[in-house]
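>>> from the sequence below, what's the structure:
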Amino acid sequence: MAVNQVQSYPRGTILFAPGDVASAVHVVLEGTIVASRGDKQVTLGPGGIIGDIAFFTEGTHRYHAICSTDVTTLTLTKDNGSQVLASQPRIAFSLLYELAHKVNLDEMVFIQGIEKKSESPVDRGALPPGHPIFHERVSTEYGEFLFSTDVECPICQTCFTGARTRTSRLQLEEQRTDLRMIYRNFEPNFFYIWVCPKCLFAYPERQYNRLSHTAIIKGKKAWQENPPAGSFAFDVPRTIHQVITSYYLAMASFERVGASLEQWANLWLRLVWIYEDLGQGELALQATEKAQHYFSEAMATTSRSSSGDQALYLILGELALRLGQNGDAFKNFRAATTMIGGDPRYKRMASDRIQDLRDQREG
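Predicted structure coming up:
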């Protein structure tokens with residue numbers, strides 16, 4: 001097999017996207033590729049064939065194809081296709097078999113090399129008993145808002161690759177009254193946590209390498225005494241289940257290194273948003289109670305600027321509303337409006353929420 005027929009692609013490479021003119025057929029030799037269109041996603045391993053219909057019809061691709069691991073493929077192009085098929089009869093037969101089952105189909109159909117991935121022990125064991133499993137993956141389109149960066153774990157010094165957001169590409173659509181930022185075609189909360197694949201140290205990516213010396217010593221001692229039984233790595237694109245697992249791994253890390261009340265509160269608040277987006281009402285309420293507890297403790301025991309206090313009052317008000325505690329919600333919104341100084345935007349937001357409560361009571 002000629003070397004130029006075999007191509008290697010690093011993890012995260014987008015082979016093609018909908019609308020791209022087809023220039024090659026890829027036969028997977030090593031690794032896995034995720035094909036996705038809309039809500040449907042298929043993972044292809046060795047033997048999988050991708051891009052064939054669009055290539056042979058001289059059309060454009062109708063789905064995304066992204067390398068979820070480092071991938072090696074046998075690549076057929078107009079220049080080498082005849083040579084490859086003549087010298088590799090098994091490949092020719094597999095290709096004919098695949099095409100015969102796909103002909104006249106507009107669906108994203110694959111016959112060979114489909115991978116069935118089971119959750120790892122860490123994926124299963126990190127979550128509370130009875131927690132549902134979400135097999136859906138984040139959108140492949142999120143890849144354009146991310147870039148890879150080299151990370152060194154502060155606990156075990158393992159080097160791994162982390163995903164970081166290209167903030168310059170984000171387009172803010174709205175800021176909600178609980179201060180959640182909604183961006184066009186991107187959800188940053190899916191990429192909030194970095195996880196070391198070896199020791200499972202999980203922490204918010206912006207704070208990952210900013211631990212105090214004391215926290216690092218505590219973390220190292222804890223992992224030496226109780227090393228993890230498995231490993232963890234995000235798929236590309238990652239599953240929603242892996243995203244949620246990373247949050248619970250972060251909770252274990254928070255306990256070991258002694259995270260602040262604000263860190264705990266922000267972690268639970270993001271889980272509130274994720275569970276609400278998934279339609280998981282009971283889990284969202286449980287997370288809301290946790291977030292409320294930590295924000296209340298932070299308000300009572302730590303100091304901030306006036307605008308920082310206003311932000312906490314707004315969040316506490318919104319959490320109270322979710323829990324049906326309208327009286328507490330009113331008190332928190334009122335505190336945000338009457339505070340001396342602070343941010344005028346927060347005062348307006350709190351005033352609007354007070355008016356909403358009054359209208360609701362009168363209605």
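
>>> where do the strands sit along the stretch 201-350 of the chain?
Along the stretch 201-350 of the chain, counting by DSSP state E, counting those that start in this stretch, strands occupy 202-204.

>>> just the stretch 51-200 of the chain next, same as before
64-67, 71-76, 146-152, 159-165, 172-175, 181-183, 193-195.

>>> let me see the domain layout of the chain.
Listed by automatic domain parsing, the domain ranges of the chain are 3-102, 119-259.

>>> quick one on the thing from earlier: will you turn the strands of the stretch 51-200 of the chain into a markdown table that also has mean pLDDT, distance to residue 136 and mean neighbour count?
Yep, even glycine has a C-beta here, placed from its N, CA and C like the rest. As requested, the strands of the stretch 51-200 of the chain are exported to a markdown table (pLDDT from 0 to 100; distance: least, Cβ to Cβ, whole Å; neighbours: other Cβ atoms under 10 Å):
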| stretch | mean pLDDT | distance to residue 136 | mean neighbour count |
| --- | --- | --- | --- |
| strand 64-67 | 92 | 15 | 22 |
| strand 71-76 | 91 | 22 | 22 |
| strand 146-152 | 94 | 18 | 14 |
| strand 159-165 | 95 | 18 | 16 |
| strand 172-175 | 96 | 22 | 10 |
| strand 181-183 | 97 | 19 | 13 |
| strand 193-195 | 98 | 18 | 26 |
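
>>> quick one: closest of these to residue 312.
Evaluated with Cβ to Cβ, the strands of the stretch 51-200 of the chain place strand 172-175 nearest to residue 312, the distance being 15.7 Å.

>>> strands paired with the closest one, and their directions?
If you go by DSSP bridges, strand 172-175 pairs up with strand 181-183 (antiparallel).

>>> what's next to the partner strand, contact-wise?
Strand 181-183 has contacts (Cβ atoms under 8 Å, 6 or more residues apart in numbering) with 170-176, 188.

>>> hang on, the earlier thing: closest to residue 359 out of the domains of the chain?
Closest approach to residue 359 among those is made by domain 119-259 (14.8 Å; Cβ to Cβ).

>>> from the chain's centre, how far out does that closest one sit?
With Cα atoms, centre = their mean, to the nearest Å as the basis, domain 119-259 stands 8 Å off its chain's centre.

>>> from residue 55, how far out is the residue in the chain sticking out farthest from the centre?
Using Cα atoms, centre = their mean, the residue of the chain lying farthest from its centre is residue 86. It sits 43.3 Å away. Using Cβ to Cβ, to the nearest Å, we find residue 86 at a distance of 17 Å from residue 55.

>>> ok, now residue 303?
63 Å.

>>> apart from its chain neighbours, what residue comes closest to residue 49?
In space, and not counting its chain neighbours, residue 49 is closest to residue 98: 4.8 Å by Cβ to Cβ, 6 or more residues apart in numbering.

>>> in contact with residue 173, which residues?
Residue 173 neighbours (Cβ under 8 Å, 6+ apart): 182-184.

>>> can you redo the residues you listed as JSON lines with distance to residue 341?
Shown next, in JSON lines, are the contacts of residue 173 (distance: Cβ to Cβ, whole Å):
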{"residue": "182", "distance to residue 341": "28"}
{"residue": "183", "distance to residue 341": "30"}
{"residue": "184", "distance to residue 341": "33"}
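
>>> looking at those, which is nearest residue 238?
When these are compared for distance to residue 238 (Cβ to Cβ), residue 183 wins out at 17.5 Å.

>>> bridging residues for that closest one?
Per DSSP bridges, the residues bridged to residue 183 are residue 172, residue 186.

>>> distance between the top helix by length along the chain and the chain's centre?
If you go by DSSP state H, the chain has its longest helix at helix 281-301. On the basis of Cα atoms, centre = their mean, helix 281-301 sits 22 Å off its chain's mean C-alpha point.

>>> circling back to that earlier point, more crowded one of residue 303 and residue 55?
residue 55 (20 against 8; other Cβ atoms under 10 Å).

>>> spatially nearest residue to that one, not counting backbone neighbours?
Ranked by Cβ to Cβ, 6+ apart and with sequence neighbours excluded, the top spatial neighbour of residue 55 is residue 22, at 4.2 Å.

>>> need the contact list for the one you found.
16, 51, 54-55, 57-61.

>>> verify the contact between the residue nearest to residue 49 and residue 48 for me.
No. With contact defined as Cβ atoms under 8 Å, residue 98 and residue 48 do not form a contacting pair (9.1 Å).

>>> could you list the low-pLDDT ranges of the stretch 101-250 of the chain?
Counting by pLDDT under 70, the stretch 101-250 of the chain has low-confidence residues at 101-125.

>>> quick check: buried residues in stretch 278-296?
280, 283-288, 290-292, 294-296 (16 or more other Cβ atoms under 10 Å).

>>> ok, and what's touching that stretch?
131-132, 134, 240, 261-262, 264-265, 268-269, 271-272, 275-276, 312, 315-316, 319-320, 322-323.

>>> count of neighbours near residue 70?
Using other Cβ under 10 Å, residue 70 has 14 neighbouring residues.

>>> possible to save the domains of the chain as a markdown table with distance to residue 356?
Output for the domains of the chain, formatted as a markdown table (distance: least, Cβ to Cβ, whole Å):
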| stretch | distance to residue 356 |
| --- | --- |
| domain 3-102 | 34 |
| domain 119-259 | 9 |
